[in-house]
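Novice: give me a model of this one.
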Amino acid sequence: MPFHSIRWRLTMLHFMIITVSLLTIGGYLIWRIESFYMANLERQIVNEAFITGELINNMLTGGSKEQLVDDMCERIGANTGQRITYIAPDGRVIGDSLEEAVLMENHLNRPEIQAALREGKGTSQRYSSTVGMQMYYVALVLEREEETSGFVRISVPLSFIRSNISQLRTILISGLFLALFISSLLSFRFSSKITRPLEAVGRVARGIASGDFSKRVEYERDDELGTLARTINEMGETLKENVDLIVYEKNRLETVMSAMTSGVILCNNKGEIDFINDAVINLFGLDREKVLGLPVNMAFRNYLLYDQFQEALAGGAIKSFDLNLIFPETKVLQVYIIPIRDQFNRVTGALAVLHDITGLRSLERMRSEFAANVSHELRTPLTTIKGYAETLLDETNWDDRDTVLHFLSIIDKEAERLSRILNDLLNLSQIENNKGVMKKQKVMLELVVKEAVSMLQKQADSKNLDMQLDVMHEGCSIQGDPDWLLQLFIDLLDNAIKYTPDQGKIFITIEKQDSECVVKIRDTGIGISPEDLPYIFDRFYRADKARSRRLGGTGLGLAVVKHIVEAHNAAIEVKSTLGEGSIFTLSFCKK
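Specialist: Coordinates of the predicted model:
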């Protein structure tokens, strides 16, 4: 049992109280018993002295000799074990049970005799030179006819008295020790009875502190310990409910934080990271376990982010800034940092929210480039139309009919080009805004391709191109919008016709491959260089800008093709060899 436990302390307290009480009572009892014993002994000796004195007086009154008195003293002393002395009024010793009376000195000045002369009875404790030991004396005055006839003195060795008192003391002390032992056992049992519920309360409290809220104190009494037990049980229930609520809220918050596409960083007032969500881990390529607890500068190694965190922790206002990342990917983040304050308005941490605006910035850049490209593409035909129109407004040129017709044909050609650009821009806008693909229905691919071929056959014939359609598998149907699919094949065939020299060939094949319908358009045109191939689907991109403008290309046809393909969940692949031709392969999922 640990010495610092309540049971030990209660037991020791009871032991000390009982010990002090028993020592006090024992000391008092010993003193009282010794006093009682001495008083009782004195009373007994006085009675014996009185009886002995009466016998001796009767003997002397009857004319007995002093020798008989001495013999009587010896007989009484032998029977009682005490020293009996008879002393005459003048102090002579007439009889003594231990010594020859005639040899003893005058005893009139003995303390007990002097006390007896004054008070009728005298006692003393002193050393006896006659017997050579400490003795206890009791002397009694004898009277006859109202005159002192002598003294009877009875003495007992002090060693005898002390031995008897010692035995009494030993018995009493043994009883006290026995009482102390029994009391200690009872105290221990009593302390155990009190502390056992407290120990149960302690075990339950430790269990609750360690997170086990199912533990309960089994104590049903209505005393203070019962009240404590019920309070602990109620506290466990309340803590369980509160912790469950906190865990629920924490899990819900973590779920929300984890599901957020925006990054969240939470740090304490020391600048150490307490929480980061999955978005931050993905943005910065971090290991959560290694980052938590680290300072911001060591975790992210970004001076701008660290500096803004420090300003927020210093009590600054909400910070908003753009953060450019290079590793692990090039990204642009919009960061908001706000200080967290407690009820006393002290800064206890800072919270940062990071939005990935890379796409937004890219979109803004694309929008700017698109506006610039559109302006450039529109400016060229408009400038041409305006220039030739101003020339035609000069009446001096009206006489030359051929010149006027030439100028008008140029204006018509540029206006047609301008119309194509606007149509392509409109188509591209409709598709990107999900307004172009409005319907999905069963579409037979060979019918759509045949219609596109028939629409562009005249254009192909003007360049003496051999355009062949080979339907290897009939009945190849897909889910799609027939109008946009027709536009898709028109744009691809139009490109093939434009960039294939005269007398060239264009091959279109339709076939089934597993669960897909595949359309291939192969030409023997000028081809596309490997450097230009990755960008041919970008808006206004032309591999050969001069040739494309001369042929009437807008730079938007393949961009429209790409968006139509994506809207139909299809795939397009391009293979091309410069100077030999290109192959466009489209794969559609069969219905």
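
Novice: mind checking the end-to-end distance for stretch 499-518?
Specialist: 23 Å (CA to CA, to the nearest Å).

Novice: and if you look at stretch 101-109?
Specialist: 16 Å.

Novice: residues contacting it, please?
Specialist: Stretch 101-109 is contacted by residues 66, 70, 85, 87, 90-96, 113-114, 130, 151, 153 when judged by CB atoms under 8 Å, 6 or more residues apart in numbering. From N, CA and C alone the C-beta is placed, and that goes for glycine too.

Novice: any of these buried? List them.
Specialist: Among these, those buried by neighbour count (16 or more other CB atoms under 10 Å) are 66, 70, 85, 87, 92-96, 113, 130, 151, 153.

Novice: can you list those in JSON lines and add pLDDT and secondary structure?
Specialist: Converted to JSON lines, the buried ones among the contacts of stretch 101-109 look like this (pLDDT from 0 to 100; DSSP: H, G, I helix; E, B strand; the rest coil):
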{"residue": "Glu66", "pLDDT": "69", "secondary structure": "helix"}
{"residue": "Asp70", "pLDDT": "81", "secondary structure": "helix"}
{"residue": "Thr85", "pLDDT": "88", "secondary structure": "strand"}
{"residue": "Ile87", "pLDDT": "88", "secondary structure": "strand"}
{"residue": "Arg92", "pLDDT": "88", "secondary structure": "coil"}
{"residue": "Val93", "pLDDT": "87", "secondary structure": "strand"}
{"residue": "Ile94", "pLDDT": "86", "secondary structure": "strand"}
{"residue": "Gly95", "pLDDT": "87", "secondary structure": "strand"}
{"residue": "Asp96", "pLDDT": "86", "secondary structure": "strand"}
{"residue": "Ile113", "pLDDT": "86", "secondary structure": "helix"}
{"residue": "Thr130", "pLDDT": "71", "secondary structure": "coil"}
{"residue": "Phe151", "pLDDT": "89", "secondary structure": "strand"}
{"residue": "Arg153", "pLDDT": "88", "secondary structure": "strand"}
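
Novice: quick one on the thing from earlier: Cys267: which of the contacts of stretch 101-109 is nearest?
Specialist: Closest approach between the contacts of stretch 101-109 and Cys267, by CB to CB: Gln114, at 104.5 Å.

Novice: so how far is whatever helix or strand the closest one lives in from its chain's centroid?
Specialist: Taking DSSP states H and E as the criterion, Gln114 maps to helix 111-119. Distance of helix 111-119 from its chain centroid, counting by CA atoms, centre = their mean, to the nearest Å, is 94 Å.

Novice: cool, and stretch 503-511?
Specialist: 70 Å.

Novice: buried set for that stretch?
Specialist: 504-510.

Novice: kindly report the same for stretch 188-195.
Specialist: 188, 191, 195.

Novice: would you turn these into CSV with distance to Lys386 and pLDDT?
Specialist: Output for these, formatted as CSV (distance: CB to CB, whole Å; pLDDT from 0 to 100):
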residue, distance to Lys386, pLDDT
Phe188, 116, 74
Ser191, 112, 71
Thr195, 107, 71
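
Novice: and those residues as a markdown table, adding secondary structure and distance to Thr24?
Specialist: Putting the buried residues of stretch 188-195 into a markdown table (DSSP: H, G, I helix; E, B strand; the rest coil; distance: CB to CB, whole Å) gives the following:
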| residue | secondary structure | distance to Thr24 |
| --- | --- | --- |
| Phe188 | helix | 22 |
| Ser191 | helix | 23 |
| Thr195 | helix | 28 |
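
Novice: tell me how far Asp394 lies from Phe213.
Specialist: To Phe213, Asp394 is 98 Å away according to CB to CB, to the nearest Å.

Novice: now Glu416
Specialist: 82 Å.

Novice: who has more neighbours, the two?
Specialist: The residue with more neighbours, out of Glu416 and Phe213, is Phe213; 19 against 12, by other CB atoms under 10 Å.

Novice: wait, that one sits on Val247?
Specialist: No: between Phe213 and Val247 there is no contact under CB atoms under 8 Å: 11.4 Å.

Novice: residue ranges of each domain in this structure, please.
Specialist: Domain segmentation of the chain under automatic domain parsing yields 7-165, 260-356, 361-428, 436-589.
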